[in-house]
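# when you get a sec, could you give me coordinates for this:
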Amino acid sequence: MTWAQADVVDVLLDQHRQVKTLLAEVREASGDARRRAFDDLVRLLAVHEVAEEEVVHPVARDAIDNGTAIVDDRLAEEDEAKHALAELHEMGVDHAEFDERFARLAHSVTRHAEQEESREFRVLRQRLGAAQLEGMRGAVKAAEDVAPTRPHPGIGESAPANMLAGPPLAVFDRIRDAVRDWRNR
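Got it, this is the predicted structure:
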């Protein structure tokens, strides 16, 4: 399914599948392959979470019964994951504690995705019309295009915080990514 054919739930579910695949790749790989898989995972999680925080969670708050509590729980999980991901990124895949900490992160990220899928995405698909879900897909794409490519736990999990701090951090992250990719060639 292409972006043009998908609604926001399809896109997010596909990204959750990609995250699970990358989690497995990081666990199973070694050396440069592990580092590349981890870098890909960091980037995907960073842009995915920003898009959810800016687009999906605000709609879910209003569209889902008890939406505020459900979204607040997801935001707390995302904040915890951002901190853990930033620490793992700083320590590097070769650090002695990486495997143990990564296993905890992988478990929490997988559980978080399952909660979003069952408590948010399923209900959004039931309650919102196709046009709104397709419009949200475009908004998610736009948010991802200007999102930082690394977790920045200090900026918070709110849509306004991401919109204010995200673009400058994204520019910095993307330059850093380009330099890293150039060096690795």
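# average pLDDT for stretch 100-114?
Mean per-residue pLDDT for stretch 100-114: 97.
# now do the buried residues in that stretch.
Of all the residues in stretch 100-114, those buried under the rule 16 or more other Cβ atoms under 10 Å are 102, 105-106, 109, 112-113. Bear in mind the C-beta positions are built from the backbone N, C-alpha and C, glycine included.
# dump the C-alpha coordinates for that stretch into CSV.
C-alpha atoms of stretch 100-114 as CSV (Å, rounded to 0.1, in the frame of the first residue of the first chain):
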residue,chain,number,x,y,z
GLU,A,100,20.3,-5.2,28.6
ARG,A,101,19.0,-1.7,28.2
PHE,A,102,18.0,-2.2,24.6
ALA,A,103,16.0,-5.3,25.6
ARG,A,104,14.0,-3.2,28.1
LEU,A,105,13.5,-0.5,25.5
ALA,A,106,12.3,-3.0,22.9
HIS,A,107,9.8,-4.5,25.4
SER,A,108,8.4,-1.1,26.3
VAL,A,109,8.2,0.1,22.7
THR,A,110,6.4,-3.0,21.6
ARG,A,111,3.9,-2.7,24.5
HIS,A,112,3.4,1.0,23.7
ALA,A,113,2.7,0.1,20.0
GLU,A,114,0.2,-2.5,21.1
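# run the chain-centre distance for it.
When C-alpha coordinates are averaged (Cα atoms, centre = their mean, to the nearest Å), stretch 100-114 and its chain have centres 13 Å apart.
# what's the helix or strand hosting His48 packed up against?
Here His48 sits within helix 31-51, counting by DSSP states H and E. The contact analysis (3 or more Cβ pairs under 8 Å, 6 or more residues apart in numbering; DSSP states H and E) places helix 31-51 against helix 8-28, helix 67-91, helix 130-145, helix 159-184.
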